[in-house]
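Chemist: What follows is a predicted protein model with its sequence.
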Amino acid sequence: METNDNEDSIDSLLDQLKHTTELTRNPEKAPFNLKKEDLEQFILNNTGRLIEDSMDTIDNIKQFIVSAPEPEDVHSLAELYKASTSAIEALNKVLLQQQKAETQIKVKVMDIESKQAMLEQKGSSNTLTRQEILDKLMNSGDIIEIKNESEED
């Protein structure tokens, strides 16, 4: 009877192990949905996480290579550095593009404001015609009477 119990427990253990390996081979994944509005944040988050993970991995591989350097391991480390550098460059390009867009917006706003100020100055200044200037001169002056001495005699 004991052998039967042992066989049952072994069979049960083997069934559990088979089921566990099936789960690890075929993990259930939730469907991947990404909205257009969330795309930028998704890229930033995952690129940042990728960079952090690769930097941790680089540190671990460096320690391993120092203890027992192998050409394949050194090549793997170089490739990991290359991939990490590319990811950092991609994030840097995103940052530079955002800064450029913000600067362009600020320059455009300043341009519009300066044009509006120039228009306001032109509108407030008076533009007079030659006739209007002559009329103002004639009407604003004091009248001086000149007596001719020859007429008085």
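Modeler: Perfect, I can see it now. Residues are numbered from 1 along each chain as shown.

Chemist: all helices for this protein, in order.
Modeler: 2-25, 39-67, 71-124, 130-140, 149-152 (DSSP state H).

Chemist: Among the ones you listed, which comes closest to Phe32?
Modeler: Taking Cβ to Cβ, helix 39-67 is the member of the helices of the chain nearest to Phe32, at 10.3 Å. Bear in mind the C-beta positions are built from the backbone N, C-alpha and C, glycine included.

Chemist: from the chain's centre, how far out does the closest one sit?
Modeler: Between the centre of helix 39-67 and the centre of its chain there are 21 Å (Cα atoms, centre = their mean, to the nearest Å).

Chemist: Dump stretch 7-16 to PDB, keeping only the CA atoms.
Modeler: What follows is stretch 7-16, C-alpha atoms only, in PDB (Å, rounded to 0.1, in the frame of the first residue of the first chain):
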ATOM      1  CA  GLU A   7       3.300   6.200  -6.800                       C
ATOM      2  CA  ASP A   8       0.200   8.300  -6.500                       C
ATOM      3  CA  SER A   9       2.100  11.200  -4.800                       C
ATOM      4  CA  ILE A  10       4.800  10.900  -7.500                       C
ATOM      5  CA  ASP A  11       2.200  10.900 -10.300                       C
ATOM      6  CA  SER A  12       0.500  13.900  -8.600                       C
ATOM      7  CA  LEU A  13       3.800  15.700  -8.400                       C
ATOM      8  CA  LEU A  14       4.600  15.000 -12.000                       C
ATOM      9  CA  ASP A  15       1.200  16.200 -13.100                       C
ATOM     10  CA  GLN A  16       1.700  19.400 -11.200                       C
END
